[in-house]
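Peer 1: sequence below, structure please.
(one chain, ligands or ions: 1)
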Amino acid sequence: MKTGKKELSHSKVVFTLALLFFSFSACVGQEGNFSGLREQMVKTQLEARGIEDEQVLKAFRKVERHKFVLPRYISMAYQDSPLPIDEGQTISQPYIVAYMTEALNLEQDDKVLEIGTGSGYQAAILAEIVDSVYTIEIFENLGNKAKSLFDELGYTNIYTKIGDGYKGWPEHAPFDAIIVTCAPTDVPEPLKNQLAEGGRMVIPVGGDAVQQLVLLIKNRDKLKQKSILPVRFVPMLDTDGKKR
Ligand code: SAH
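Peer 2: As a prediction, this is how the structure comes out:
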């Protein structure tokens, strides 16, 4: 009787260990698979299309995009497309994130402001490159979710805020770079004012269908601006949910 019980508990232990081993190797296998997909994304979607800033490419090799998408889209995380997130918003296409990041011409000691935290992916990419990232999201749910993810992933240089990004974040201005990931009809004045001397801003500007990605550079208090790419972003909203 005694021996029988012992054998039973032995086999239970063996079974549990085997189960643990298989789930562990499945996880490791999947992470390995993701890093392969990430490398492929960097080569075929970014390098092949002319992204060459080493810091940007390095950040894309590191940040695990599959952790920023909804569970049902995990298998599509490294595809060449935007994906839906909560509140009817989207995580941008990897190439667009890379293109905008490269256009900011970042230095390590730059202080960057992002409008539209969304999934948090763009902020994480920025946080791999610069010392501090300030990011504002208008939907509480999205902002809180991104903040938890930043904590979980160990980012201590991303500062989050729930609010209307149209107004910027005057308490921490001026910013060396500002990136806007939702589209207003015009460049918000407060953001222009919060750009540092020599600062760069990338922002999609225009109506619903297609917008122009605009690069603004501030020199001796004057702003030079040029359109650099036709793009399609979700609209910038006000606190009543209306388009800006
Ligand atoms: N950078 C994000 C892209 C998210 S899409 C990412 O990497 O996933 C743009 C985001 O801008 C949405 O989450 C939307 O809710 C947010 N948004 C729209 N209007 C805003 C505003 N006035 N202030 C701050 N965020 C805004």
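Peer 1: the bottom helix or strand of this protein by mean pLDDT?
Peer 2: helix 2-41 (a mean of 68; mean pLDDT, DSSP states H and E).
Peer 1: is the ligand contacted by the helix or strand just after that one?
Peer 2: Using DSSP states H and E, the helix or strand that follows helix 2-41 in sequence is helix 54-62. No - under the criterion of Cβ under 6 Å from any ligand atom, helix 54-62 makes no contact with the ligand; the nearest approach is 12.5 Å. Using the backbone N, CA and C atoms, a C-beta is placed for each residue, glycine as well.
Peer 1: show me the contact partners of helix 54-62.
Peer 2: When contacts are defined by Cβ atoms under 8 Å, 6 or more residues apart in numbering, helix 54-62 is touched by residues 38-39, 41-42, 46-47, 51, 94, 98, 101-102, 106, 125-126, 128-129.
Peer 1: just the CA atoms of it, as PDB, please.
Peer 2: In PDB, the C-alpha atoms belonging to helix 54-62 read as follows (Å, rounded to 0.1, in the frame of the first residue of the first chain):
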ATOM      1  CA  GLU A  54      22.200  52.000 -36.800                       C
ATOM      2  CA  GLN A  55      20.500  53.100 -33.500                       C
ATOM      3  CA  VAL A  56      17.100  52.700 -35.100                       C
ATOM      4  CA  LEU A  57      17.800  49.300 -36.500                       C
ATOM      5  CA  LYS A  58      19.300  48.100 -33.200                       C
ATOM      6  CA  ALA A  59      16.100  49.200 -31.400                       C
ATOM      7  CA  PHE A  60      13.900  47.300 -33.800                       C
ATOM      8  CA  ARG A  61      16.000  44.200 -33.400                       C
ATOM      9  CA  LYS A  62      15.500  44.500 -29.600                       C
END
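Peer 1: just to revisit the earlier point, and which of the contacts of helix 54-62 is nearest to Lys167?
Peer 2: Leu126 (20.2 Å; Cβ to Cβ).
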